[in-house]
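Peer 1: fold the following.
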Amino acid sequence: MRILIPGQASPLPVPRHTGAADAGLDDAAVARLYAYPAGPGSAPGAWVRANMVASLDGAAVVNGLSAGLSSPGDRRVFWALRALADVIVVGAGTARAEGYRPTRMKEPWASLGLRANRPAAPPLALVSQALELDPATPLIADAPDDARTIIITCESSPAGRRAALARAADVIVAGERSVDLAAAFAALAERGLRHVLCEGGPRLLTDIVAGGLLGELCLTVSPLLAGVGPVRILAGALFPAQRLRLAHLLEEDGVLFARYHSIPA
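Peer 2: Residues are numbered from 1 along each chain as shown. The predicted structure follows:
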């Protein structure tokens, strides 16, 4: 993996590499490139980062899953972002479709000292209005005690399901008829979970963007044409077009890894 554009406009100090160093970035350098910024967040008390992958023609999935667009470099960035995060937020439907389980930090990320004074791996926070979740599923039941799965829902969700899930997970109620993501991120920040990583799916990311809560987008662009039909990284409600600022651009085997920051209104 090498730096193509170091992102001179980025508010973050981005390491520059020249000569032989351009041949590749080690894992520590990748982690530095994706360090969370200091200062005020994009949401109340929190900095919300999204990590998505797309084809050249904008598809977010191949055969219904994002794995068809992934690569060794994409998985490297994926694990670096998880190692840096305080919490991973994902839509419950995406978690089911992608076969999510409680996060276990892999090497070399577990040995880089990125999680000092934090659990060994960040907890998962599942966003669900209908609460069609089984408390006995490994995603909930197998989470470690210091990183219990978090369920983010709203007041209109079934009270009985909320009570059953609360015995195996931490439940955050944010909003009345639908999930209020700003309130949810504020509640996560109150728990010390300021560095938020959203892994989708497209509808959840759309709600985050439409609510003005996105701090940055980390986008892997796979050199693949997926054809007509697959969903894009955003889906659902319409919102005004938003311009982002490039923080850096990396490349490996034709795959591009872009980090974009939202531009404050």
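Peer 1: does Ala265 touch Gln242 like I think?
Peer 2: No: between Ala265 and Gln242 there is no contact under Cβ atoms under 8 Å: 9.1 Å. C-beta: built from backbone N, CA, C; applies to glycine.
Peer 1: surely Ala184 touches Ile152?
Peer 2: Yes: checked against Cβ under 8 Å, the pair Ala184 and Ile152 is within contact range at 4.7 Å.
Peer 1: between the two, what contacts are shared?
Peer 2: Common contacts of Ala184 and Ile152, defined by Cβ atoms under 8 Å, 6 or more residues apart in numbering, comprise 125, 127, 172, 174.
Peer 1: so what's the residue count around the second one?
Peer 2: Under the neighbour criterion other Cβ atoms under 10 Å, Val127 is assigned a count of 27.
Peer 1: pLDDT score for Thr18?
Peer 2: On pLDDT, Thr18 comes in at 38.
Peer 1: no no, Pro72
Peer 2: So, for Pro72, pLDDT stands at 95.
Peer 1: Ile150 too?
Peer 2: Ile150 is assigned a predicted lDDT (pLDDT) of 98.
Peer 1: surely Ala226 touches Val53?
Peer 2: No: the pair Ala226 and Val53 does not pass the contact test of Cβ under 8 Å, sitting 11.2 Å apart.
Peer 1: neighbour-wise, which of the two wins?
Peer 2: More neighbours surround Val53 than the other of Ala226 and Val53, with 27 against 19 (other Cβ under 10 Å).
Peer 1: give me the beta-bridge partners of the more buried one?
Peer 2: Val53 has these beta-bridge partners by DSSP bridges: Thr220.
Peer 1: how about the helices in the stretch 151-265 of the chain?
Peer 2: 159-166, 181-190, 202-210 (DSSP state H, counting those that start in this stretch).
Peer 1: from the chain's centre, how far out does the second one sit?
Peer 2: Here helix 181-190 shows a centroid-to-chain-centroid distance of 15 Å under the convention Cα atoms, centre = their mean, to the nearest Å.
Peer 1: mind listing what's buried along that helix?
Peer 2: 181-189 (16 or more other Cβ atoms under 10 Å).
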